[in-house]
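In: missing the sequence, but the structure's below:
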């Protein structure tokens, strides 16, 4: 599941990290407008773009980022994954919600962030947040002032294969 076209990926990944963060935040804000109106189908593409950007930035450019940038991107990935999975749950597409969380966990694992001594604790924290749905809302609200409503219809735990 990819939301960004290949050419868009390349353009975004060639931007400085600060500009990537601005684009990421813009997508999260656009999604929040639809999210607040419970327009899940309209929120999902914006959230998916933010998710793809942070996932690819963490995986493709990890060697070019300093430890603080890696922590920030890991945080963005975690926030986007939580928001996107939550929107999919509200939309009643539980398989895609689980897939998003599993993909985020895999990206954190493959990025090498966990291998850096400065970032290892943070990668572990992000991983634990993603694994425990009951912690999603608090984590999300700690970093973003965007609408968020937990979806209690179905609990699940992502699995890595």
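Out: Okay, I see it. Treat the numbers as computed from the prediction; the structure is a model and nothing was measured.
In: next up, phi/psi of residue 16, please.
Out: phi -60, psi 150 (degrees, to the nearest 10).
In: okay, now it: neighbour count?
Out: Residue 16 is flanked by 9 other residues according to other Cβ atoms under 10 Å. C-betas here are computed from N, CA, C, even on glycine.
In: for residue 149, same thing?
Out: Using other Cβ under 10 Å, residue 149 is surrounded by 11 other residues.
In: past the biggest helix by length in the chain, which element shows up next along the chain?
Out: As assigned by DSSP state H, the longest helix anywhere in the chain is helix 67-90. Where DSSP states H and E defines the elements, the next helix or strand beyond helix 67-90 is helix 94-111.
In: list the buried residues for that following helix?
Out: Residues of helix 94-111 classed as buried: 94, 96-105, 107-108, 111 (neighbour count, 16 or more other Cβ atoms under 10 Å).
In: which pair in those spans the largest distance?
Out: Spanning the widest gap among the buried residues of helix 94-111 are 94 and 111, at 26.1 Å by Cβ to Cβ.
In: nearest to residue 66, of the buried residues of helix 94-111?
Out: Nearest to residue 66 out of these is residue 111 (Cβ to Cβ; 13.7 Å).
In: give me the pLDDT value at the closest one.
Out: According to the prediction, residue 111 has pLDDT 77.
In: for the host helix or strand of residue 8, packing partners?
Out: Assigned by DSSP H and E, residue 8 belongs to helix 6-13. Using 3 or more Cβ pairs under 8 Å, 6 or more residues apart in numbering; DSSP states H and E, the elements in contact with helix 6-13 are helix 17-36, helix 40-60.
In: now, of those helices, which is deepest in the fold?
Out: Compared across the helices and strands packed on helix 6-13, helix 40-60 shows the largest average neighbour count, a mean of 23 (mean count of other Cβ atoms under 10 Å).
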